[in-house]
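[1] build me a model from this:
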Amino acid sequence: MNRVSHLARRLLWFCPLLVAACDTVAVAPLPVGRVEISPRSVDVAIGGSVQLSASAVGEDGNPLPGVAISWRSSDADVALVDSQGRVTGLEEGLAAITATVAGVTASAAINVRERGQLLLSDSLVTLRADVGGAGPAPATVRINGTGGSLSGLTAQVVYDAGDPIGWLTPSLVSTATPATLELDVDPGALGLGRYGAEVRITSPLATESVAVRVEFSVTTSTPSVRVDPDSVRLTNADRATVDVGNGGGGTLTDLVTTVRYGGGSPGWLRATLSGSTAPVTLTVESLTGSLVAGSYTAEVEIASRVAGVPSAVLAVRLDVGAAPPRLVVAPASVSIQGSVGGTLPLRTVQVTNGGAGTVTGLGKAVSYAPGEPTGWLIATLDRSSTPASLSLLVGTAGLTAGTYSASVEVNGNSVDPVFVPVRLTLDPAAPTAPAAPTDLTATVSGSAVDLSWVDNAGNESGFEVERRTSGGGSFARIGTPSANATTFTDTGAQAGSSYEYRVRACNSGGCSAYSNVASASVPAAVPATPGNMTARATGSSEIEVTWSDVSGETGYELEQKGPKGGWQSAAQLGAGVTTFTATGLSAGETYEYRVRACNASGCSAWAETKATTPPPQSPPANPSGLRFVSISRSHIDLEWNDNSNNETRFEIEEGSIFSAWVKIGEVGTDETTFRDTNVRRGSLLYYRVRACNAAGCSGASPAIVTLVP
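    Residues are numbered from 1 along each chain as shown. Next comes the predicted model:
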């Protein structure tokens, strides 16, 4: 305790004793240690307000009550504060609100922002439970907001008129968006039936509240008949329809009706079901016949032939003759659904007199649900007396996505008014199709085609790239680049083909027009290197070169390098040619060869081989002793004597009395047998054989002849 405080307390204690000396006592104010302000930081919507509180604390840590607090805003254009600390947001921005006590200050940060819009993931939640059983699992609805996080969320339940209350408990997981609303229902002591309520979500930072419609059905595990409404009133020759549904579980089948009359004449009511399996429509029609003026009653029981299924009863009243006039509207309620900014159809409600005579002085009045926007519903009557048509026109200007409620009162002279509930559900506006991309170009890069374009849209979710073969045919989609993409590479293009491309931007609202068409030609691929290249001397001055054919070539280039060195062109060969014989070579020398395949895109790598011509030599000696080893209808086997040691092969020749000698085969060095399988029955065949090497061939052996059996 400081010295001043201690002295003041002592003086106060002694004053009663020292009356003569202590007529009055002056106590010095206690020094302020700090000022506390709450909340320290808060968001406020433009036009909204928030209450700040401040308190002073002495240097001794004790509160200082009754002190004067002055308030000030750092930017009065953004936020104003009154003498009680209430802050009002004026325009978007930041302001500091300062509380001052005896020169000691504390500040709160105020963020003034535009009002946002609350958005719900679902505007209708339907739940079901068995009568007397446990409630279903809680349903969840996601709450989001536009313009940043919206704080201060609250949830309030509004039950349908006449329904029990307390069965619905809403819980907000968070009081700022994004948030989750949990909806928990408890059937408790609720009986069979359907119950409804709305959960209104509000935020001081939102332009308006939003509502979630909750419809809760309490049923049984077995079927039960439910009729809605449970009573109708007919006038003279009249008819009415009601809905018959399943108020329990399973499937409600084999429906039938039974009519029971009250006092008076029977037989005046006809009841007809539109089917035998719920849901169905029940039509009741009065058959007045010779009925006298008055009122008549009946009951229509709707039951199932299936045992144990509870039935339902429709009460019917018929007024014949001078029944009092009353207004009747059909349909009894109107639900309208559309999208924000969209055009909604005109709805018509028929207004008739359910009693005698004509109702005059018809009028109408529109009322809106508390706290909801007004002025969106225009109601017009085409006549001032029954029958008349009530036209309902909805304007969506200024409305955001959500559910809105209104009621149209129809009144007339000397009758009770009737009310037509109108429920409007607006979905978020469908996005417009994006603008078309432009300046599409196609550039060949190797075997791929690179596309680029100008993105002229800011609302696309992606692009569609299409391609077709140049010269005609249909475009086919080959890629879907993501939003804001301006390039795409076609890796599926085929070498040697020409293509046309186009692109368009798309979102959930549709796709734009196509861009310009861009063309590209992919050159053919360079051929592969020829394989299996070989070279062999076929004489002292000749070498035969061979290789395997490759695809896609337009020709071959063959080069030769001789003993003096240096590659020289040996031949330019066409497509499909795979052999070449070099002539005029020197005996006993080595020659190198290389070949490559070429087309318009270039040439392959070289394939190389080499061979050596044999040195000069003499032809081999003549073979002898040619003879038949076996003769059959399918082949002939030959054998001979090898009389040389320098042959490289033997050539077997065949002749006949009708043709000259023809080479039919050859065998290698030192081989002395050969089988001829190309024989014809009844043919007279001649055979001979010669030995050969690089210097040439010997003379032929003596010929032998045989007749093929």
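
[2] can you pull out the helices in the chain?
    Ranges of helices in the chain, per DSSP state H, are 3-14.

[3] worst-scoring helix or strand of it, pLDDT-wise?
    Least confident helix or strand, the chain: helix 3-14 with a mean of 38, by mean pLDDT, DSSP states H and E.

[4] separation between the residue nearest the centre of the chain and Val210?
    The residue lying closest to the centre of the chain (C-alpha atoms, centre = their mean) is Ser508, at 8.7 Å. Per C-beta to C-beta, to the nearest Å, Ser508 is found 22 Å from Val210. Where you see a C-beta, it was placed from the backbone N, CA and C, and this is true even at glycine.

[5] so who does Arg270 touch?
    The contact partners of Arg270, by C-beta atoms under 8 Å, 6 or more residues apart in numbering, come to Val284, Glu285, Leu287.

[6] wait, I meant Phe674
    Phe674 touches Asp637, Leu638, Phe650, Ile652, Gly665, Val667, Val689, counting by C-beta under 8 Å, 6+ apart.

[7] now pLDDT and neighbour count too, for those residues, in CSV please.
    Shown next, in CSV, are those (pLDDT from 0 to 100; neighbours: other C-beta atoms under 10 Å):
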residue, pLDDT, neighbour count
Asp637, 95, 15
Leu638, 95, 22
Phe650, 95, 27
Ile652, 95, 20
Gly665, 94, 16
Val667, 95, 14
Val689, 97, 29
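
[8] turn these into a markdown table, columns for distance to Val67.
    Formatted as a markdown table, the contacts of Phe674 follow (distance: C-beta to C-beta, whole Å):
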| residue | distance to Val67 |
| --- | --- |
| Asp637 | 134 |
| Leu638 | 136 |
| Phe650 | 132 |
| Ile652 | 133 |
| Gly665 | 128 |
| Val667 | 128 |
| Val689 | 137 |
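
[9] returning to that earlier point: which PyMOL command selects the buried ones in the contacts of Arg270?
    PyMOL command restricting the contacts of Arg270 to the buried ones, with burial defined by 16 or more other C-beta atoms under 10 Å:
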select buried, resi 284
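
[10] so which of the contacts of Arg270 is the closest to Ala406?
    Comparing the contacts of Arg270 against Ala406 with C-beta to C-beta places Val284 closest, at 30.6 Å.

[11] that closest one against Leu234, yeah?
    Yes. Here Val284 lies in contact with Leu234, judged by C-beta atoms under 8 Å, at a distance of 7.2 Å.

[12] overlap in contacts, those two.
    By C-beta under 8 Å, 6+ apart, Val284 and Leu234 have these common neighbours: Ala240, Val316.

[13] count of residues packed around Leu192?
    Close neighbours of Leu192, defined as other C-beta atoms under 10 Å, add up to 15.

[14] surely it meets Phe216?
    No. The pair Leu192 / Phe216 is not scored as a contact, 11.9 Å apart, by C-beta under 8 Å.

[15] show me where the stretch 401-550 of the chain has strands.
    402-411, 418-427, 438-445, 448-454, 462-469, 476-479, 487-490, 498-507, 510-511, 518-521, 534-539, 542-546 (DSSP state E, counting those that start in this stretch).

[16] can you list the ones you listed in a markdown table and add mean pLDDT?
    Converted to a markdown table, the strands of the stretch 401-550 of the chain look like this (pLDDT from 0 to 100):
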| stretch | mean pLDDT |
| --- | --- |
| strand 402-411 | 94 |
| strand 418-427 | 92 |
| strand 438-445 | 94 |
| strand 448-454 | 95 |
| strand 462-469 | 95 |
| strand 476-479 | 95 |
| strand 487-490 | 96 |
| strand 498-507 | 95 |
| strand 510-511 | 92 |
| strand 518-521 | 93 |
| strand 534-539 | 88 |
| strand 542-546 | 93 |
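
[17] wait, which of those is closest to Tyr261?
    Of the strands of the stretch 401-550 of the chain, the one closest to Tyr261 (C-beta to C-beta) turns out to be strand 418-427, at 28.4 Å.

[18] flag every buried residue along that closest one.
    By neighbour count with 16+ other C-beta under 10 Å, strand 418-427 contains the buried residues Val418, Val420, Val422, Leu424, Thr425, Leu426.

[19] kindly report the same for stretch 207-217.
    Quick answer for stretch 207-217 (16+ other C-beta under 10 Å): Thr207, Glu208, Ser209, Val210, Ala211, Val212, Arg213, Val214, Phe216, Ser217.

[20] so which of the contacts of Arg270 are in strands?
    Counting by DSSP state E, the contacts of Arg270 place Val284, Glu285 in strands.

[21] using pLDDT, spot the least trustworthy of the contacts of Arg270.
    Among the contacts of Arg270, Leu287 carries the weakest pLDDT, at 86.

[22] surely it meets Pro266?
    No. Under the criterion of C-beta under 8 Å, Leu287 makes no contact with Pro266, lying 10.8 Å away.

[23] now stretch 527-547: buried residues?
    The neighbour-count check on stretch 527-547 (16+ other C-beta under 10 Å) flags 527, 529-530, 533, 535, 537-543, 545-547 as buried.

[24] and for stretch 329-337?
    Applying 16+ other C-beta under 10 Å to stretch 329-337 flags Val329, Val334, Ile336 as buried.

[25] of the residues you listed, which is the nearest to Arg200?
    Ile336 (19.9 Å).

[26] how far away is the closest one from Ala161?
    The separation that Ile336 has from Ala161, given C-beta to C-beta, amounts to 21 Å.

[27] now do Ala703
    On the measure of C-beta to C-beta, Ala703 and Ala161 end up 126 Å apart.

[28] more neighbours, the two?
    Higher neighbour count among Ala703 and Ala161: Ala703, with 14 against 6, using other C-beta under 10 Å.

[29] spit out the contact partners of the more buried one.
    Contacts for Ala703 (C-beta under 8 Å, 6+ apart) come out as Leu626, Gly655, Tyr686, Tyr687, Arg688.

[30] can you pull the pLDDT of the fourth one?
    What the model reports as pLDDT for Tyr687 is 93.

[31] what does Leu18 give?
    Predicted confidence (pLDDT) for Leu18: 34.

[32] what does the one 5 residues further on give?
    The predicted local distance difference test score for Asp23 is 44.

[33] quick check: closest non-adjacent residue to Leu153.
    Distances taken as C-beta to C-beta, 6 or more residues apart in numbering place Thr175 nearest to Leu153, at 4.7 Å, with adjacent residues excluded.

[34] quick one: the one you found and Ala45, what's the gap?
    Counting by C-beta to C-beta, the gap from Thr175 to Ala45 is 15 Å.

[35] name the residue in these two with the higher neighbour count.
    Ala45 (23 against 13).

[36] so that one sits against Pro204, correct?
    Yes. Counting by C-beta under 8 Å, Ala45 touches Pro204, with 5.9 Å between them.

[37] find residues that contact each of these two.
    With C-beta under 8 Å, 6+ apart, Ala45 and Pro204 have no common neighbours.

[38] mind checking how far Gly275 is from Val244?
    9 Å.

[39] those two: which is more packed in?
    Neighbour count, other C-beta under 10 Å: between Gly275 and Val244, Val244 has more, with 24 against 11.

[40] which residues touch the more buried one?
    Val225, Arg226, Val227, Leu255, Leu273, Ala278, Pro279, Val280, Thr281, Leu282, Ile302, Ala312.

[41] confidence score at the second one?
    Spelled out, that is Arg226. Model confidence at Arg226 (pLDDT) stands at 89.

[42] so what's it closest to, chain neighbours aside?
    Per C-beta to C-beta, 6+ apart, closest to Arg226 is Gly247, 3.3 Å.

[43] isn't the one you found up against Asp230?
    No. At 11.6 Å, Gly247 and Asp230 do not qualify as touching, with contact defined as C-beta under 8 Å.

[44] strands along the stretch 51-200 of the chain, start to end?
    53-58, 70-73, 79-81, 86-89, 93-101, 104-113, 118-120, 124-130, 139-145, 154-159, 168-172, 179-185, 193-202.
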